[in-house]
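Peer 1: Quick one, what's the 3D model for this:
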Amino acid sequence: MDFTFLASTMVILLKAVPTTLILFSLSIFFGGLLALVIVWMRVSGNRALMGFAKGYIFVFRGSPLLIQMFLVFYGLGQFGVIRYSFLWPFLREPMVCAILSLALCTAGYTAEIFRGGIRAVSPKEIEAARSIGMSGFLLVRRILAPIAFRHALPAYSTEIVLMMKSTALASLVTVWEVTGVAQRLISQTYRTMEVFLCAAIIYLALNFIILQGMALLEYSLSRHRRAIPAALKA
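Peer 2: Next up is the predicted model:
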């Protein structure tokens, strides 16, 4: 194996990591915000809002992300109302289309993950909070959201890792992230094994960092479960 070529390939691919991280972080951020809106609709009790949320989740969980990305990248320009609007200078950019499609997709999965976390909250805890006068936003901020997020965190960490791997699809809409640069190198050198090996190592390293960060977050949020009762200490 040519280690000199591997080293030079790794250097080239590492230069594309910032683009991958931008894709990943922005899609997770906007997808998370949209997921909060969707899950609010899902549990609102309003039939119209619940129907919209269910339809959204069904569409974006039931269709391939690649097709969604192609529809956003190639399809939005087909509509004159978009092509001649103030949004077109942004939506014609491959990076924006990739972020938009990734965010829309992850929002569908994340909304269901958050809904599962909300359903895992014990009604007794909500009743106890209401008995001491908590209601509305205060109840959500201090009781519902922290407990629901803690329950949802293991599944959400899996979704985050999947989104990191899904950024590789952005190369198909001409975004030069790690996979896109790797494919361009292969077309120039015809050394598929070495190039994709370097790309795989980069993705493994990024996902390892993400998983370690999520594990630390889960550890900090479950601190109360590790506390030793005073009676046992005595």
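Peer 1: Tell me which residue is most central in this structure.
Peer 2: residue 28 (3.8 Å; C-alpha atoms, centre = their mean).
Peer 1: what helix or strand does it sit in?
Peer 2: Taking DSSP states H and E as the definition, residue 28 sits inside helix 17-42.
Peer 1: Go through the very next helix or strand once past that helix and flag the buried ones.
Peer 2: Reading on from helix 17-42 to the C-terminus, the next helix or strand found by DSSP H and E is helix 47-62. Residues of helix 47-62 classed as buried by neighbour count (16 or more other C-beta atoms under 10 Å): 49, 53, 56-57, 60. Placement of C-beta: from N, CA and C, glycine included.
Peer 1: Quick check: mean pLDDT of helix 47-62?
Peer 2: Per-residue pLDDT values over helix 47-62 give a mean of 95.
Peer 1: In terms of secondary structure, what does the strand or helix carrying residue 158 contact?
Peer 2: According to DSSP H and E, residue 158 maps onto helix 145-166. Judged by 3 or more C-beta pairs under 8 Å, 6 or more residues apart in numbering; DSSP states H and E, helix 145-166 is in contact with helix 17-42, helix 94-119, helix 192-221.
Peer 1: what angle sits between the helix holding residue 28 and helix 192-221?
Peer 2: 50 degrees (axes from the mean of the first three to the mean of the last three C-alpha atoms, to 10 degrees).
Peer 1: Make 277 the starting number, not 1.
Peer 2: Let's use 277 as the start, then, which means that last one is helix 293-318.
Peer 1: which strands and helices sit next to helix 293-318?
Peer 2: helix 323-338, helix 370-395, helix 421-442, helix 454-465, helix 468-497.
Peer 1: low-scoring stretches of the protein, by residue?
Peer 2: Within the chain, the stretches with pLDDT under 70 are 277, 499-510.
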